[in-house]
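Asks: Have a look at this prediction, sequence included:
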Amino acid sequence: MKKTTRYYLLLFVLPAFLYTQEKQDFGIIFSGFVKSDFFWDSRQNVNIREGHFLLYPSPVLKDPLNKDINAQQSLNFLSIQSRLTGKISGPAVLDAKTSGVLEADFFGNENGSFQDVNGFRLRHAFTKLNWEKTELLFGQFWTPLFVHSSFPGVISFNTGAPFQAFSRNPQIRITQKIDDVSIIAALATQRDFQSSGGNTQSLRNSAIPEIHLQFHWSQKNDSAKTEYALGIGGEYMNLRPRLSSTVGISPSTATFKVDESFGSFTALGFGKLVLPAFTVKVYALLGQNTFDDVMLGGYAVDTIYNSTTGSVKYLPINILSTWFEIVTSSGDIQYGIFAGYTKNLGLSKELGFIKNSNIISALQNTTRGFDINSVFRIAPRIVFISGNLHLSGEIEYTTAEYATRKSGEISIDRKGKITQAESVANIRTLFAVTLFF
């Protein structure tokens, strides 16, 4: 594994170094950080990568003696968030300034068998062309639903998820500035962050990329150290979860081509206020089928509407998500607090199923948190800054309202809404040491 890591690092650094020697118009500046996280949780959680990426607490799971199996504390120490970024500059092309970014970390790409422990993985890889009022971006970058000029500055690697949309996507993005207004349009696909099903096939087979459109307004006064920003935007996504359906009972089965696709819409709004003493950020999202953004949601597999081919209908889950953050802006000691809330709004219409077990089957394999009514988090933090060294402490208090269970049934209706819930909470204490370079 060490040899493999060194090999990837060499591939990452050497070509860029050699190229800058040959082409003086090109250059690359390396930056990044080494970060170590030390965290303790009061109970088991739904998370990613050995607990590093915390989402919400696991539900109560009673054993025959009525003891909660998930009521077990845990801890871990990790340095896999450490990051290397190469910022590339290039010569003018078509009267545009050219630049690029290549960024990777050691977070790996899988969460189950640990075959990719400390895996060196791609985060961002894009090229930009910049004119006076226009910017073109080609490559992998944050989803436009993640407003990179205004996002949570929490210490936890989850960056505010599941309240903040979190995804990096291959895309083509254009930003057009008109005075204080920026119009952003993008076409995107999926790779690391995928819709339900564990692969990118459902979006690829729809032959329609994700379509984004946003409008940002901002004013900045460098001398007064102030900034004001507001924005709204939307996304359309179309999925085709499968191409065929097999009907009948073996050995008398037949496979038919099916024409099954469905669309989903997501809208967002954000605001940012920067003053000399502190910064305030707010964000709200009303979305459908937001599984690929590491949020609650997904879609339901409804009843068969064509008995011959076995074709089914798909219904997107609706969610509401919002967060707020305030952080001090200056000094060697910075204070901040983050608060987030997200709610499962269910489906826009009822499923064709009546039985509780069928409703569960329609939702549980294609939805994140199908049995969750809402999630809430509050996370205060403090950061001590000494040059390039940051010592950070954060407490995350996260609650999740799970549907109650009785006699094998879940308190959920035909729209996927939770009718009765019980709350479970986790406290995470996090200490992080970060050295920037």
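Replies: Perfect, thanks for sending it.

Asks: Contact partners for Ala284?
Replies: 268-270, 320-322 (CB atoms under 8 Å, 6 or more residues apart in numbering). Where C-beta positions appear, they are placed from N, C-alpha and C, glycine not excepted.

Asks: Could you list the buried residues of the strand or helix carrying it?
Replies: Taking DSSP states H and E as the definition, Ala284 sits inside strand 278-288. Buried residues in strand 278-288, counting neighbours by 16 or more other CB atoms under 10 Å, are found at 279, 281-288.

Asks: Also stretch 77-85?
Replies: Buried residues in stretch 77-85 (16+ other CB under 10 Å): 78, 80-85.

Asks: Stretch 364-381 too?
Replies: In stretch 364-381, counting by 16+ other CB under 10 Å, buried: 366-377, 379, 381.

Asks: ditto for stretch 250-265
Replies: So stretch 250-265, judged by 16+ other CB under 10 Å, has buried residues 258, 260-262, 264.

Asks: re earlier: buried subset of the contacts of Ala284?
Replies: 268-270, 321-322.

Asks: beta partners for the spatially closest residue to Ser74 that is not a sequence neighbour?
Replies: Spatial nearest neighbour of Ser74, chain neighbours left out: Asp41 (5.1 Å); criterion: CB to CB, 6 or more residues apart in numbering. For Asp41, the beta-bridge partners under DSSP bridges are Ser74, Arg428.

Asks: Take the buried ones among the contacts of Ala284 and lay them out in TSV including distance to Gly387, pLDDT and secondary structure.
Replies: Conversion of the buried ones among the contacts of Ala284 to TSV gives the following (distance: CB to CB, whole Å; pLDDT from 0 to 100; DSSP: H, G, I helix; E, B strand; the rest coil):
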residue	distance to Gly387	pLDDT	secondary structure
Leu268	36	99	strand
Gly269	37	99	strand
Phe270	32	99	strand
Ser321	36	99	strand
Thr322	36	99	strand
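
Asks: Could you dump the residues you listed into a markdown table and include distance to Ile418?
Replies: A markdown table is the format used below for the buried ones among the contacts of Ala284 (distance: CB to CB, whole Å):
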| residue | distance to Ile418 |
| --- | --- |
| Leu268 | 24 |
| Gly269 | 26 |
| Phe270 | 28 |
| Ser321 | 16 |
| Thr322 | 19 |
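
Asks: Reformat the buried residues of stretch 77-85 as TSV; add pLDDT and distance to Arg191.
Replies: Formatted as TSV, these follow (pLDDT from 0 to 100; distance: CB to CB, whole Å):
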residue	pLDDT	distance to Arg191
Leu78	95	23
Ile80	94	19
Gln81	93	20
Ser82	96	22
Arg83	97	18
Leu84	97	20
Thr85	98	19
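
Asks: Farthest pair within those?
Replies: Leu78 and Thr85 (19.6 Å; CB to CB).

Asks: ok, back up a step: nearest to Glu135, of the buried residues of stretch 77-85?
Replies: Glu135 lies nearest to Thr85 out of the buried residues of stretch 77-85, by CB to CB, at 19.1 Å.

Asks: Surely the closest one touches Gly100?
Replies: No. Between Thr85 and Gly100 there is no contact, the gap being 11.1 Å when judged by CB atoms under 8 Å.

Asks: Tell me which stretches of the stretch 201-350 of the chain form strands.
Replies: Counting by DSSP state E, counting those that start in this stretch, the stretch 201-350 of the chain has these strands, from start to end: 210-221, 226-239, 244-249, 252-257, 262-274, 278-288, 297-306, 311-316, 318-328, 333-346.

Asks: Quick check: which of those is nearest to Asn66?
Replies: Asn66 lies closest, by CB to CB, to one member of the strands of the stretch 201-350 of the chain: strand 333-346, at 27.5 Å.

Asks: buried stuff in the closest one?
Replies: Buried-residue list, strand 333-346, by 16+ other CB under 10 Å: 334, 336, 338-346.

Asks: Repeat that for stretch 383-401.
Replies: 383, 390, 392, 394, 396, 398-401.

Asks: Among those residues, which are located in strands?
Replies: Using DSSP state E, the subset of these located in strands is 383, 390, 392, 394, 396, 398-401.

Asks: Which pair of the residues you listed spans the longest distance?
Replies: Largest pairwise distance in these, by CB to CB, is 34.3 Å, between His390 and Glu401.

Asks: quick one: average confidence on stretch 195-205?
Replies: Mean pLDDT, computed over stretch 195-205, is 90.

Asks: again, but for stretch 49-56
Replies: The pLDDT scores in stretch 49-56 average 94.

Asks: Can you give the contact residues for that stretch?
Replies: 37, 39, 41, 45-48, 74, 76, 78, 80-81, 107-108, 111, 156-158, 161-162, 294, 369, 372, 375, 396, 398-400, 426, 428.
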